[in-house]
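Undergrad: below is the sequence, then the predicted model.
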Amino acid sequence: IAIVLVESVLNVGNSYTDLVKDPAKAIELYKRAFAIDCSYRKVFPEPDVTIVIKAYAQLFEFYDNASEYEELEKVVNRIEEILDAYPDLKQNYLTALAISKRTIGHNYQVSEQHDYNKALQYYLKAYELDPHDYLNLLLIGDCYRLFTPPDYEKAFKYYSITFATNHHTVNLLGTLHLIL
């Protein structure tokens, strides 16, 4: 019964997003859906867990578009917590989880404060989940290159890994030209 209630609230939230164009109301409804006794999540069959994860993904998108980075981090942590309860299912979401962490890192990197240390923490977490994501590898290298003082040795290490992973990357060649 709890999952049916969660799905119903999520569907209403989707309506506020798609039809009414009121993301604030949609977010409020998503939060209500997740406040419903989440102790049931360990007994959800996998398809139902997938619905909950997809809803969190929508919430992630809202917070990302609204530049609410602390809420974004909470959503990713919650998704990871749910997936930790389902190791077999987690394998299906490693790339998406890595991209979420990369997105948070990028938000820190391009923020007014240019928090490269915080960005690097998230990029490295994303790297653990998906070591073949060449864009993430480039961003790790960029952080090291943009540190004060720059750490060109580590930057070059990650740019080299990127090139080994995807040697067709023209952007990488331009970046390497900048630091050489």
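TA: Sure, I can see it. Residues are numbered from 1 along each chain as shown.
Undergrad: let me see the mean pLDDT of the host helix or strand of Lys25.
TA: For Lys25, the host element (DSSP states H and E) is helix 23-35. Taken as a whole, helix 23-35 has an average pLDDT of 66.
Undergrad: what's the answer for stretch 81-90, then?
TA: Mean predicted confidence for stretch 81-90 is 84.
Undergrad: still on that earlier bit, which is the next helix or strand following the helix holding Lys25?
TA: helix 46-65.
Undergrad: please export the C-alpha coordinates of that next one as CSV.
TA: Provided in CSV are the C-alpha atoms of helix 46-65 (Å, rounded to 0.1, in the frame of the first residue of the first chain):
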residue,chain,number,x,y,z
GLU,A,46,13.1,-4.1,-7.5
PRO,A,47,10.7,-2.5,-10.0
ASP,A,48,9.2,-0.5,-7.2
VAL,A,49,12.6,0.6,-6.0
THR,A,50,13.3,1.7,-9.6
ILE,A,51,10.2,4.0,-9.5
VAL,A,52,11.5,5.6,-6.3
ILE,A,53,15.0,6.1,-7.8
LYS,A,54,13.5,7.6,-11.0
ALA,A,55,11.5,10.0,-8.8
TYR,A,56,14.7,11.0,-6.9
ALA,A,57,16.3,11.5,-10.3
GLN,A,58,13.6,14.0,-11.2
LEU,A,59,14.1,15.7,-7.8
PHE,A,60,17.9,15.8,-8.6
GLU,A,61,17.1,17.6,-11.9
PHE,A,62,14.9,20.2,-10.2
TYR,A,63,17.6,21.0,-7.6
ASP,A,64,20.3,21.1,-10.2
ASN,A,65,18.3,23.6,-12.3
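Undergrad: report the buried residues of it.
TA: Neighbour counts over helix 46-65 (16 or more other C-beta atoms under 10 Å) mark Asp48, Val49, Val52, Ile53, Ala55, Tyr56, Gln58, Leu59, Phe60, Phe62, Tyr63, Asp64 as buried. Bear in mind the C-beta positions are built from the backbone N, C-alpha and C, glycine included.
Undergrad: give me the distance between Glu112 and His132.
TA: Here the distance between Glu112 and His132 works out to 32 Å (C-beta to C-beta, to the nearest Å).
Undergrad: ah, wrong one, I meant Glu61
TA: For Glu61, the distance to His132 equals 24 Å [C-beta to C-beta].
Undergrad: Glu112 and His132: who's more crowded?
TA: When Glu112 is set against His132 and neighbours are counted by other C-beta atoms under 10 Å, the residue ahead is His132, at 13 against 5.
Undergrad: and the more buried one, what does it touch?
TA: Shown in contact with His132 (C-beta atoms under 8 Å, 6 or more residues apart in numbering): Thr165.
Undergrad: likewise the one 4 residues further on?
TA: Counting by C-beta under 8 Å, 6+ apart, Asn136 touches Ala98, Arg102, Tyr123, Ala126, Tyr127, Asp130.
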